[in-house]
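Colleague: After the sequence you'll find the predicted model.
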Amino acid sequence: MNYLFPQRASQTCARLGRAALCGALLFVASCGTPMRGAPSLTLLSRDINASSPSVEVVGERDAASERTMNLLLFFFGQSVPTHEGAVSRFLEKHDADMIVDAQLTTSSYGIPLLFMVTKFEVTGRPARFANGGGQ
Amino acid sequence: MNRLALLRGLLLTCSLTLASCVTEVFSSPVTLSTKASAARHAESLGAVSHSYTNSQIVVIPIIPNPRRPYDSLLEQARQKGGNAVVDVQLRNDNWFYALLFLFDTWELAGTAATIK
């Protein structure tokens, strides 16, 4: 009987090794993004709004969005859609300094794992600094 | 038979279809900008930061996010006597196990400021 023990031990070790290998393969640690040098938002406030004396609203409520679609593992549309991209597009469109009464939403719909659409949208009113402070 | 297969396929597709899911980033409307000139006349009052982790099993959150991170930054700025946060930066780390558990950590940092 004793001569069987090393064989069993080696089989157990092999099984443990395979299990550890499977575990290691299944464990995926994704890299984090570093703190960006460029700010994502240069201004964020609730106290500065459309009724502030330094703010001049220059247009009606509008919206801008960025979206991406993925079919299985393939991506279409903006490769890295962000709220910041939508905000920048909004500001360029209205030649504004900021967006007041802004709301940012992320929406996604589709068939999970097969086809998904993700949309980053900003809605708000374009505004500028009344005294030219932001110019 | 073909109709039955078609019906089964349609049923399967319908069961897989996710209704549109919308998430609001801010709890209430804010004023924001991505232009460098927007924070030109800000008087700095010090750094503010906030971090949080979202944990999910498949797509179901197991630890709900207790607070909205941007609200925390604005509250910290208000405590410092400011009315805005400028130069907001983001950092994201995430890892998952066997496509089942997802841990998503976000760090936000900015500068509390007064803009007149």
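Modeller: Everything's here; your move.

Colleague: Quick check, B:Thr114 in contact with B:Gly46.
Modeller: No. Applying Cβ atoms under 8 Å as the test, B:Thr114 and B:Gly46 come out as separate, 11.3 Å apart. For every residue, glycine as well, the C-beta is placed using N, CA and C.

Colleague: Does B:Tyr70 touch A:Ser40 like I think?
Modeller: No. Look at B:Tyr70 against A:Ser40 with Cβ under 8 Å: they stay out of range, at 10.8 Å.

Colleague: hey, what's A:Met69 bridged with?
Modeller: Bridge pairing for A:Met69 (DSSP bridges) gives the partners A:Phe76, A:Val117.

Colleague: Centre-most residue in chain B?
Modeller: B:Val25 (5.5 Å; Cα atoms, centre = their mean).

Colleague: residue contacts, that one?
Modeller: Neighbour list for B:Val25: A:83, A:103-106, B:68, B:70 [criterion: Cβ atoms under 8 Å, 6 or more residues apart in numbering or on different chains].

Colleague: just B:Ala84 next, same as before
Modeller: Per Cβ under 8 Å, 6+ apart, neighbours of B:Ala84: A:43-45, A:47-48, B:31, B:39, B:42, B:77, B:112-115.

Colleague: ok, 7 Å please
Modeller: A:43-45, A:47-48, B:42, B:77, B:113, B:115 (Cβ atoms under 7 Å, 6 or more residues apart in numbering or on different chains).

Colleague: returning to what we had before: per-residue confidence at the residue nearest to the centre of chain B?
Modeller: Per-residue confidence (pLDDT) for B:Val25: 81.

Colleague: So what does it look like in phi/psi?
Modeller: Main-chain dihedrals, B:Val25, degrees, to the nearest 10: phi -80, psi -40.

Colleague: what number of residues lie near A:Gln103?
Modeller: 17 (other Cβ atoms under 10 Å in any protein chain shown).

Colleague: quick one: it and B:Arg40, what's the gap?
Modeller: According to Cβ to Cβ, to the nearest Å, A:Gln103 stands 25 Å off from B:Arg40.

Colleague: Please, where are all the helices along chain A?
Modeller: For chain A, the helices defined by DSSP state H occupy A:4-26, A:83-94.

Colleague: For A:Glu60, which of those is the nearest?
Modeller: Evaluated over these, closeness to A:Glu60 peaks at helix A:83-94, with 9.7 Å, by Cβ to Cβ.

Colleague: Can you give me the buried ones in that closest one?
Modeller: Within helix A:83-94, the residues that qualify as buried are A:83-88, A:90-91, A:94, counting by 16 or more other Cβ atoms under 10 Å in any protein chain shown.

Colleague: Sweet, I'm off.
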